[in-house]
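1. Based on what follows, work out the 3D shape:
(chains A and B)
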Protein chains: 2
Amino acid sequence: MFSNITNKKIYQQVINQIQDMILSGKLKKGDKLMSERELSEKMGVSRTSIREAIRVLETMGIIESRQGEGNFICNNIESSLIQPLSMMFILNNGSYEDILELRNMIELEAVKLAAIRGTEEEFEELKMISQNLTNNDKNCDKEGIDKMIHYKIACMSKNFLIKSLYKISLNLLEDFIVNSRQKIVNYYNEEEILNNQHKKICDAIIAREPENAYKYMKEHLDLIKITMDKI
Amino acid sequence: MFSNITNKKIYQQVINQIQDMILSGKLKKGDKLMSERELSEKMGVSRTSIREAIRVLETMGIIESRQGEGNFICNNIESSLIQPLSMMFILNNGSYEDILELRNMIELEAVKLAAIRGTEEEFEELKMISQNLTNNDKNCDKEGIDKMIHYKIACMSKNFLIKSLYKISLNLLEDFIVNSRQKIVNYYNEEEILNNQHKKICDAIIAREPENAYKYMKEHLDLIKITMDKI
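-> Numbers count the residues shown, from 1 in each chain, chains lettered A, B, ... in the order given. Got it, this is the predicted structure:
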């Protein structure tokens, strides 16, 4: 259980203790944490340090603070508000090749899994979304649909880690999707090429053809690379 | 610049403002943040909220607090102390298939890039590490070497995002490496098969043969999957 803390960087040690208890299975989803006062007494640290540690875990969607009830362990990555990878990327002056390699990694795997594991309900939804891309409605938010298709594919992989990875890099990936879409549309002076690529990817997923889904996703990512290299 | 904050969940809004300034390039690596007192006045929130927000960013290696000097923007993912993905995995009762799919994703891409981008110096180091696996020294920490080889390959990809992904999933990946190694060694009653697989991967990287490096990494990950499925 929790043990006494004596060293420096107190709040980080509090986090480490809570993290260790989660990783070892002693704290589970839904469990209520002791009160901040009790934790502070058990660990021999100030309530401020406990509070700071809880804030960090709350930001990451690991702890949920319910007013008047206390702090609970949760697994709500959806509620994670911060995008460390996106910030790190900017701070490191990352290039578009870095993001494309990341997308290759995530999406070529995810698209195969989506074709294998997607449910009929998800296929219906994907079909509706992709039809909006190829209709001729000028007012339709094509960028939004593009982003939605890629996120949906990550979710359909049914692998929580892949979905989480996508989620924690969301800003980075979606900014890139919008940016590269604009460049490709400008370069070829039409958006049909992109819309058709998405349609082929979605159709292959819906037909449960993982190898074709992979092939068309690869064609799509390759087109982005070729165009970005030229500009 | 920073604007006044009036709503709830104050510390999270402070984080969002700092995050936005980083993502838009207004705050750069090495920049000094205003003092906590100044930030608190500019944003119209308590110093406690400012401090909580800074703690969160500090934990993620985005802010470095230097005693007596103040808070600086940095990009030190190495110093990130928390592993949200590892915790999320445990809290979601993830399976070994989830981790294997994540490893397939990261390592099959990383190994190709390592063979293309590794430096002669890195190859020398990789050669030395892998030789230790195939020597007959019983006291040699084979598990440690196994982990080191996989982490080194991620670093040699020279893609900061891939390296960061590996780093933020480190606990998860390394526990899995140790665990699956033990199972395979027990199952086949020998460790030669694993050691030889690693040697082949490393040799292909050093020979700058990305396709072979990919092939041998795939063989390695497939062996893990086949063995784990049997047990």
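
2. Whichever helix or strand residue A:126 is part of packs against which elements?
-> Residue A:126 is part of helix A:120-134, with elements assigned from DSSP states H and E. With contacts defined as 3 or more C-beta pairs under 8 Å, 6 or more residues apart in numbering or on different chains; DSSP states H and E, helix A:120-134 has these neighbours: helix A:142-156, helix A:192-206. (Glycine included, C-beta is placed from N, CA and C.)

3. could you dump these to JSON lines with mean pLDDT and distance to residue B:56?
-> Listed next are the helices and strands packed on helix A:120-134 as JSON lines, based on pLDDT from 0 to 100; distance: least, C-beta to C-beta, whole Å:
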{"stretch": "helix A:142-156", "mean pLDDT": "95", "distance to residue B:56": "25"}
{"stretch": "helix A:192-206", "mean pLDDT": "96", "distance to residue B:56": "37"}
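
4. Of all those helices, which one is nearest chain B?
-> Among those, helix A:142-156 comes nearest to chain B, with 11.2 Å by C-beta to the nearest C-beta.

5. I'd like to know which elements that closest one is packed against.
-> helix A:96-117, helix A:120-134, helix A:160-168, helix A:170-188, helix A:192-206.

6. what is the rounded mean pLDDT of the helix holding residue A:126?
-> Averaging pLDDT along helix A:120-134 gives 93.

7. Over to stretch A:71-80?
-> 79.

8. before we move on, the earlier item: is it possible to export the helices and strands packed on helix A:120-134 to JSON lines including mean neighbour count?
-> Formatted as JSON lines, the helices and strands packed on helix A:120-134 follow (neighbours: other C-beta atoms under 10 Å in any protein chain shown):
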{"stretch": "helix A:142-156", "mean neighbour count": "19"}
{"stretch": "helix A:192-206", "mean neighbour count": "20"}
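
9. Go through these and name the closest to residue B:156.
-> helix A:142-156 (26.3 Å; C-beta to C-beta).

10. what's the weakest-modelled helix or strand in chain A?
-> Between all helices and strands in chain A, the lowest mean by mean pLDDT, DSSP states H and E belongs to helix A:84-91, at a mean of 82.

11. Can I get that helix in PDB, CA atoms only?
-> C-alpha atoms of helix A:84-91 as PDB (Å, rounded to 0.1, in the frame of the first residue of the first chain):
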ATOM      1  CA  PRO A  84       2.000  15.900 -25.200                       C
ATOM      2  CA  LEU A  85       3.100  14.400 -28.500                       C
ATOM      3  CA  SER A  86       1.600  17.300 -30.500                       C
ATOM      4  CA  MET A  87       3.500  19.800 -28.300                       C
ATOM      5  CA  MET A  88       6.700  17.800 -28.400                       C
ATOM      6  CA  PHE A  89       6.500  17.700 -32.200                       C
ATOM      7  CA  ILE A  90       6.200  21.500 -32.500                       C
ATOM      8  CA  LEU A  91       9.000  22.000 -29.900                       C
END
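
12. and it with helix A:160-168, angle?
-> If you take axes from the mean of the first three to the mean of the last three C-alpha atoms, to 10 degrees, helix A:84-91 sits at 50 degrees to helix A:160-168.

13. Summarise which helices and strands helix A:84-91 is packed against.
-> Taking 3+ C-beta pairs under 8 Å, 6+ apart as the contact cut, helix A:84-91 packs with helix A:170-188, helix B:10-23, helix B:160-168.

14. Tell me which of the ones you listed sits nearest to residue B:216.
-> Shortest separation from residue B:216 across the helices and strands packed on helix A:84-91 is recorded for helix B:160-168, at 18.7 Å, computed as C-beta to C-beta.

15. for the record, mean pLDDT for that closest one?
-> 87.

16. hmm, back to that, looking at the helices and strands packed on helix A:84-91, which is buried most?
-> helix B:160-168 (a mean of 22; mean count of other C-beta atoms under 10 Å in any protein chain shown).

17. tell me the angle of that one relative to helix B:96-117?
-> On the basis of the same axes, to 10 degrees, helix B:160-168 is oriented at 140 degrees to helix B:96-117.

18. Is there proximity between helix B:160-168 and chain A?
-> Yes: for helix B:160-168 and chain A, the contact criterion (C-beta under 8 Å from any C-beta of the partner chain) is met by B:160-162, B:164-165, B:168.

19. Could you tell me how far the residue nearest the centre of chain A is located from residue B:85?
-> Centroid-nearest residue in chain A, with C-alpha atoms, centre = their mean: residue A:167, separated by 1.0 Å. Residue A:167 sits 10 Å away from residue B:85, going by C-beta to C-beta, to the nearest Å.

20. Please apply the same query to residue A:67.
-> Distance check for residue A:67 against residue B:85: by C-beta to C-beta, it reads 28 Å.

21. between these two, which one's more packed in?
-> Between residue A:67 and residue B:85, counted using other C-beta atoms under 10 Å in any protein chain shown, the more crowded position is residue B:85 (23 against 5).

22. residues near residue A:212, how many?
-> 18.

23. That one and residue A:218 touch, don't they?
-> No: the criterion here is C-beta atoms under 8 Å, and residue A:212 misses it with residue A:218 at 10.5 Å.

24. helices and strands around the helix or strand encompassing residue A:54, which ones?
-> Using DSSP H and E, the element containing residue A:54 is helix A:47-59. Packing partners of helix A:47-59 (3+ C-beta pairs under 8 Å, 6+ apart): helix A:10-23, helix A:36-43, strand A:63-66, helix B:10-23, helix B:47-59.

25. follow-up on the earlier one: tabulate the helices and strands packed on helix A:84-91 (CSV), appending distance to residue B:96.
-> Output for the helices and strands packed on helix A:84-91, formatted as CSV (distance: least, C-beta to C-beta, whole Å):
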stretch, distance to residue B:96
helix A:170-188, 26
helix B:10-23, 34
helix B:160-168, 18
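
26. Please consider this matter closed, and thank you.
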